[in-house]
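S.K.: Predicted coordinates and the sequence they were generated for:
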Amino acid sequence: MNTKVNIAGVILNNPVMTASGTFGSGEEYSQFVNLSQLGAVVTKGVSIVPWEGNPTPRIAETYGGMINAIGLQNPGIDLFIERDIPFLTQFDSKIVVNVCGKTMEDYCEVVEKLSDMPVDLLEMNVSCPNVKEGGIAFGQNPNALEKITKEVKKFARQPIIMKLSPNVTDIAEMAKAATAGGADALSLINTLTGMKIDINRKSFAVANKTGGLSGPAIKPVAVRMVYEAANAVDIPIIGMGGIVNAEDALEFIMAGASAVAVGTGNFINPYATLNVLKGIEEYMEKNHIEDINEIIGCVR
Amino acid sequence: MNTKVNIAGVILNNPVMTASGTFGSGEEYSQFVNLSQLGAVVTKGVSIVPWEGNPTPRIAETYGGMINAIGLQNPGIDLFIERDIPFLTQFDSKIVVNVCGKTMEDYCEVVEKLSDMPVDLLEMNVSCPNVKEGGIAFGQNPNALEKITKEVKKFARQPIIMKLSPNVTDIAEMAKAATAGGADALSLINTLTGMKIDINRKSFAVANKTGGLSGPAIKPVAVRMVYEAANAVDIPIIGMGGIVNAEDALEFIMAGASAVAVGTGNFINPYATLNVLKGIEEYMEKNHIEDINEIIGCVR
Amino acid sequence: MEQKFREKAVIIRQEEIATGIFSMWLKTEKIAKAARAGQFIAVYCNDGSRLLPRPISICEIDKDDDAVRIVYRVAGKGTDEISFMRTSMQLDVMGPLGNGFPIKEKKALLIGGGIGIPPLLQLAKDLKCETQIAAGYKEQLFLNEEFKKVGNLYIATEDGEHGTEGNVMDAVKRNDLDAEIIYACGPTPMLKAVKEYAKEKNIEAWLSLEEKMACGIGACLSCVCKSKHKDAHTNVNNKRVCKEGPVFRAEEVELS
Amino acid sequence: MEQKFREKAVIIRQEEIATGIFSMWLKTEKIAKAARAGQFIAVYCNDGSRLLPRPISICEIDKDDDAVRIVYRVAGKGTDEISFMRTSMQLDVMGPLGNGFPIKEKKALLIGGGIGIPPLLQLAKDLKCETQIAAGYKEQLFLNEEFKKVGNLYIATEDGEHGTEGNVMDAVKRNDLDAEIIYACGPTPMLKAVKEYAKEKNIEAWLSLEEKMACGIGACLSCVCKSKHKDAHTNVNNKRVCKEGPVFRAEEVELS
Ligand SMILES: Cc1cc2nc3c(=O)[nH]c(=O)nc-3n(C[C@H](O)[C@H](O)[C@H](O)COP(=O)(O)OP(=O)(O)OC[C@H]3O[C@@H](n4cnc5c(N)ncnc54)[C@H](O)[C@@H]3O)c2cc1C
Ligand SMILES: Cc1cc2nc3c(=O)[nH]c(=O)nc-3n(C[C@H](O)[C@H](O)[C@H](O)COP(=O)(O)OP(=O)(O)OC[C@H]3O[C@@H](n4cnc5c(N)ncnc54)[C@H](O)[C@@H]3O)c2cc1C
Ligand SMILES: Cc1cc2nc3c(=O)[nH]c(=O)nc-3n(C[C@H](O)[C@H](O)[C@H](O)COP(=O)(O)O)c2cc1C
Ligand SMILES: Cc1cc2nc3c(=O)[nH]c(=O)nc-3n(C[C@H](O)[C@H](O)[C@H](O)COP(=O)(O)O)c2cc1C
Ligand code: FES
Ligand code: FES
């Protein structure tokens, strides 16, 4: 049985990845999960300088999901390179570094600093709804998206994944723009912008007012967008949004994702990534699927 | 205690309405709910001629929600006028007719036919994701939205509610466009476009491939959009999306909705509308709120 | 319009009568009193992630004890959840829903396939004329002893271990079952075969259909089937399985 | 790194010890063995609509019986759900989480407010020196008999029916409680008062904080508090309540 998948020339042992921001740089979850068993670990977004993130409360539970407005707190690229990359290189899984920034230059500088590092793929978060500048501004306008992709590509030695925002009218258009800019792969979806109001305190449940909605609640939107993107462009797609078990993951794969990422699912069960992987293998066995690549995008 | 709210000059006894398409024309649910107790009944979308709708399966359950692709099956405006309006005029609740069409002319003709009818408000569904022509095409482009609003207003004797699609990059822009076109009120949100794949049959769970996601899962997106729309325009807003109980409804009201509609919630509990109303009254009593209008948009 | 009720039913008892097939008696306040053979109830899950009610046919009605019996197969997460419930636990249900079987004084043939067999039990008990029941099982039998008490039972199993080898229509043909009226419930391919058989033999036939449902009471138009005649309700060739059905005259519906 | 476990714990027993306050003993496989006073566990709901675990402090640990006790207040839907669970039912939990209280050989003052009182019980049992406990209740007392056995208990209630009238700091001041070390758990205004009191009196003080959590193990950065020093982990003045906390040196954190 083959579970290897190819993301822009990088061969993952299996299609199961972690979703940026939900898994740190892997250390905490490594108590539960042998990271070597994962297709790839995707790190929390890292920027050129340390970011403090947003005030608390940063999260709120919602029906079948959660809202977060962490605001991309991170130690900055230097400490990250010094500490997190050496940690991750101990494992067999591929390493994907998620990059965030306020300006185009921010992204390019981080990408440049990472270009000599033992990192397999770079994922550009141009879709974070929780920071004022940058982030989502690039992810909601096709021209801006194409431009930043082109710019980042100039500095990158690793293949570039552009992470798309679902908060757009036409995801296919965005997928095409990123592809036109030279993206090597796409990942989607980031969170849907949402809000929760605490009716007793008559105020917002997260301090940032709005936050990003994630978890099983958003899965149907995510599957639809992966399907639309996969049918619009030819580069590989990493699907995510509400994946908790293997059935969820297989929906994304059949819709056209070459790999999948587990995000909020980790909070529900620290073993979620491994459960997803095991379930995919069981499904393949039961249905006599020799190669996972047979079913990528099989539903049309 | 006052629960009366004003939607474009029409005074509703209370802010609780039904969401179009989930309540027929009220007849079926009238076994459970005394329609006179509702602020307004909003009918299923009606078009100039009968529509057959989509093939089955038309719905699928999702985590904390459901996908539907009914495809606006309806008897056409003539039978509707003959049968459904006389039924509804028996009750004290206000009557809102939801209108759908394939072309601008379709909408205008239906609106014209309704102009002499004992109907209080007209709601334009320019946001249905489940029909090929018309519908959402008007709801995803601000210019098209402004234009159809203007056009419809020419034929309307009742105030016009424009029902907005959440499948857009910028809901505030859409709210402004409808307002610029002369809309008297807005309702939002319609369903989020979603997809579910049946991994065992390797096919789409609803025959139409994509469908509209509704129910508690989408509430955070809906509240956020109501908040953004309410802060962008001055016309009244009817909020909906995942309302099942009074706390849900109060979130929308505090975010800026003058009235709320219960949709998928009716399927979960046929008494949902009445439960919402009762819960709002209890909340007001407990928190010494004399007039519901005090808390409309109180969270900023 | 006939009354429908939403209630908290109390589980009188539940047992697994074949692998993955459960029989549950529910004490209701009003539903049992109003129910007829061929109608169904909507069963709500307790787990909040599953919102829509599960339509399950009524298998038996005990009017004296205000109880209804359902027999269901664990098909997914909702029925799985319900299968773990025990005596005296509560379950939200709505019903009775749909039209039910028309009770006629004619020599009857009841044809059931798999989990379509249970709704025929109350029907068989209600019929006053000669009643033959053809039941097609995959492998394991269930309810067969109960059917024997209310009519002549003909069984088919896929491996032929019990009764005729093959499907239920093989049993019907093998035993050359004749009737003035047919009532059928089962998977669509079976219903198609029944429809054809009835047409050939010129027998009045009633079929109980299934479709995915949301409201269960006719308001949402989720559950339509294609019909020969225009539906009075929506003026198109669609009928609502939950409201005009689930039981239709065979000629009236297109099976796909 | 200390071990954390995710297990299915079995409920040994649960009782309501004051209105809306529940005490539950959980049999665990590994958590009890590893747990310390001041740590907490993450309790998952069974209802699928509620995904995130609820952080609940460990109130007592029975290492011999591999059991932990939690005492919690019904604050919302999740704790409400859990309050209906009965002996022998299973609950998904993860733990032990967080750092716990440092056990020092000093004259100690434990200050607890409301539902912040329970985590002090195991601490009081573990301390070896003179232990004074100041507990502030709204109205109804709970755990007071148990605290009496492990130290000198001073009580405050809002209406003054038991002990000092007022809040827990009124009891501390009224009884002029002196100590070399303070451990405190309770609402933020109380913690602020404790911090100030400790500073004034120049007493070493440790505070147990609360923040909304998602992962519970330090990965998601949901639960940070403002800290005086840069956090080694993220290089900014934030510390993770679930990982570097929930117990912090008073001077180390900004309370808002
Ligand atoms: C009128 C009617 C009568 C029925 N009577 C019986 C009966 O007596 N015994 C029995 O075992 N089954 C019966 N069914 C089928 C039963 O409703 C489904 O097996 C059940 O809903 C599956 O739910 P689940 O949560 O286990 O599966 P899931 O697949 O998890 O269900 C997901 C969703 O799909 C719907 N769904 C899944 N399968 C079906 C289906 N076949 N028909 C309609 N909706 C479906 C569910 O209601 C739910 O909304 C009947 C269906 C209808 C329409
Ligand atoms: C380290 C720590 C230890 C705690 N120890 C105890 C204890 O021993 N006894 C006790 O009764 N309570 C304790 N709490 C508070 C307890 O976690 C909340 O009361 C509980 O999560 C509420 O859940 P709910 O579903 O009933 O409420 P809901 O309001 O429905 O919860 C919704 C969401 O908000 C979160 N949440 C709500 N209130 C709080 C809160 N005060 N702190 C953190 N998250 C919250 C929930 O975890 C959940 O994700 C502790 C909190 C923390 C952070
Ligand atoms: C707490 C939290 C933090 C996140 N941080 C990031 C981030 O730093 N960079 C990023 O690209 N996405 C971030 N995301 C988005 C996730 O990677 C993922 O795209 C999204 O949550 C949908 O997947 P899920 O439903 O499986 O969580 C974050 C999500 C959550 C819940
Ligand atoms: C089965 C179904 C049918 C619907 N039909 C219509 C319709 O005809 N016209 C319309 O404007 N919206 C229609 N909607 C959208 C709802 O009115 C509402 O905007 C949406 O479902 C969100 O609310 P909810 O989460 O409370 O259901 C339909 C929704 C459902 C679930
Ligand atoms: S299920 Fe709603 S019309 Fe039949
Ligand atoms: S809860 Fe995730 S870091 Fe503390």
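M.R.: Nice, I can see it. Ligands and ions are numbered 1, 2, ... in the order given.
S.K.: mind checking how far the closest residue to C:Lys106 other than its chain neighbours is from ligand 4?
M.R.: Among residues not flanking C:Lys106 along the chain, C:Glu180 sits closest, at 3.8 Å (C-beta to C-beta, 6 or more residues apart in numbering or on different chains). For every residue, glycine as well, the C-beta is placed using N, CA and C. Taking C-beta to the nearest ligand atom, to the nearest Å as the measure, C:Glu180 falls 40 Å from ligand 4.
S.K.: So C:Glu180 sits against C:Asn202, correct?
M.R.: No: the pair C:Glu180 / C:Asn202 is not scored as a contact, 10.2 Å apart, by C-beta atoms under 8 Å.
S.K.: Sticking with residue 123, tell me its helix or strand.
M.R.: Picking chain A for this. strand A:121-125 (DSSP states H and E).
S.K.: you looked at the wrong chain, it should be chain C
M.R.: helix C:119-126.
S.K.: repeat for A:Glu282
M.R.: Using DSSP H and E, A:Glu282 falls within helix A:272-286.
S.K.: and what of C:Thr79?
M.R.: helix C:77-83.
S.K.: which parts of stretch A:193-203 are buried?
M.R.: For stretch A:193-203, the buried set under the neighbour-count rule, 16 or more other C-beta atoms under 10 Å in any protein chain shown, comprises A:Thr193, A:Gly194, A:Met195, A:Lys196, A:Ile197, A:Asp198, A:Ile199.
S.K.: Near the closest residue to the fourth one other than its chain neighbours, how many other residues are there?
M.R.: Residue nearest to A:Lys196 in three dimensions, not counting chain neighbours: A:Ala205, with 3.9 Å by C-beta to C-beta, 6+ apart. A count of neighbours around A:Ala205, defined by other C-beta atoms under 10 Å in any protein chain shown, yields 23.
S.K.: Could you do C:Ile61 as well?
M.R.: With other C-beta under 10 Å as criterion, C:Ile61 counts 25.
S.K.: doesn't C:Gln39 make contact with it?
M.R.: No: if you go by C-beta under 8 Å, C:Ile61 and C:Gln39 don't touch, sitting 9.0 Å apart.
S.K.: by contact count, what packs against the helix or strand just after the strand holding A:Glu123?
M.R.: Note on strand A:121-125: by DSSP H and E, the next helix or strand toward the C-terminus is helix A:136-139. Using 3 or more C-beta pairs under 8 Å, 6 or more residues apart in numbering or on different chains; DSSP states H and E, the elements in contact with helix A:136-139 are helix A:142-155.
S.K.: from the chain's centre, how far out does the helix holding C:Leu123 sit?
M.R.: Averaging C-alpha positions (C-alpha atoms, centre = their mean, to the nearest Å) puts helix C:119-126 10 Å from its chain's average.
S.K.: what's the next secondary structure element after it?
M.R.: Sequence order places strand C:131-137 as the next helix or strand after helix C:119-126, per DSSP H and E.
S.K.: Output the helix or strand just after that following strand as PDB, restricted to C-alpha atoms.
M.R.: The helix or strand immediately downstream of strand C:131-137 is helix C:144-148, counting by DSSP H and E. Extracted C-alpha coordinates of helix C:144-148, given in PDB (Å, rounded to 0.1, in the frame of the first residue of the first chain):
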ATOM      1  CA  ASN C 144     -40.300 -13.800  11.200                       C
ATOM      2  CA  GLU C 145     -41.900 -15.500  14.200                       C
ATOM      3  CA  GLU C 146     -44.200 -12.400  14.700                       C
ATOM      4  CA  PHE C 147     -45.200 -12.300  11.000                       C
ATOM      5  CA  LYS C 148     -46.100 -16.000  11.100                       C
END
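S.K.: For helix C:144-148, buried residues please.
M.R.: Quick answer for helix C:144-148 (16+ other C-beta under 10 Å): C:Asn144, C:Glu146, C:Phe147.
S.K.: Could you verify my assumption that the first one touches C:Ala156?
M.R.: By that I understand C:Asn144. No: here C:Asn144 does not reach C:Ala156: they are 11.5 Å apart, not a contact under C-beta under 8 Å.
S.K.: give the contact list for residue 116.
M.R.: All of this refers to chain A. Residues near A:Asp116 by C-beta atoms under 8 Å, 6 or more residues apart in numbering or on different chains: A:Arg157.
S.K.: wrong chain, I was asking about chain C
M.R.: C:Gly116 neighbours (C-beta under 8 Å, 6+ apart): C:Ala184, C:Cys185, C:Gly186, C:Pro187, C:Met190, C:Ser208.
S.K.: ok, 6 Å please
M.R.: The contact partners of C:Gly116, by C-beta atoms under 6 Å, 6 or more residues apart in numbering or on different chains, come to C:Cys185, C:Gly186.
S.K.: Check what pLDDT it gets.
M.R.: What the model reports for C:Gly116 is a pLDDT of 97.
S.K.: likewise the one 5 residues further on?
M.R.: We have a pLDDT of 97 for C:Leu121.
S.K.: Just give me the neighbour total for it.
M.R.: 26.
S.K.: Contact partners for it?
M.R.: By C-beta under 6 Å, 6+ apart, the neighbours of C:Leu121 are C:Cys59, C:Glu60.
S.K.: C:Gly113 versus that one, what's the distance?
M.R.: 14 Å (C-beta to C-beta, to the nearest Å).
S.K.: likewise C:Ser256?
M.R.: C:Ser256 is 17 Å from C:Gly113, by C-beta to C-beta.
S.K.: which one of the two has more residues nearby?
M.R.: Applying other C-beta under 10 Å to C:Ser256 and C:Gly113 shows that C:Gly113 carries more neighbours, namely 25 against 9.
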